[in-house]
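Student: When you get a sec, could you give me coordinates for this:
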Amino acid sequence: MLGPSCVFIVALLAASSSAGLISNIGQALECPQNFLVKDKINDKQFMSKQIRCFLEDVGCDEFGKKAMDVGPLILAGHCPQPMCNACTKRAVHLVVAKMQNEYPRKWFQIQQRMQQKRG
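Tutor: A predicted model of the protein is given here:
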């Protein structure tokens, strides 16, 4: 006999597949931290803090520090395991897409700064 949680999961999968959301559930199971990333990148105050972190080295939290360490490596295609797993790469690409679409000037400034640091 199926328990209540199994029934719920089956119902959720059935409903999501009919709505075309089955791939989102698969991605969520693979990289649950990306739900947090998606939530955070839609928070303008959070994004402003991270942009300041990148451009001015001010107010960097753990997210900003990791992004500054790992982001340039991923974008350059030189990020070794275990530092850069598939979930981390996906998170960086989510942030980059958001920056390119909603903060293009700041993204350009961040790219210039990353190039200067590389030498």
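Student: Show me the shaky parts of the protein.
Tutor: 1-29, 118-119 (pLDDT under 70).
Student: center of it - which residue?
Tutor: Ala91 (2.4 Å; Cα atoms, centre = their mean).
Student: Would you confirm that that residue contacts Cys31?
Tutor: Yes. Ala91 is in contact with Cys31 according to Cβ atoms under 8 Å; the separation is 7.4 Å. No exception for glycine: its C-beta is placed from N, CA and C like everyone else's.
Student: sorry, back to before: state the next helix or strand along the chain beyond the strand or helix carrying the residue nearest to the centre of the chain.
Tutor: Assigning secondary structure by DSSP states H and E places Ala91 in helix 86-102. Scanning forward in sequence from helix 86-102 by DSSP H and E, the next helix or strand is helix 104-118.
Student: now for that next one, which elements pack on it?
Tutor: Secondary-structure packing of helix 104-118 (3 or more Cβ pairs under 8 Å, 6 or more residues apart in numbering; DSSP states H and E): helix 44-56, helix 62-76, helix 86-102.
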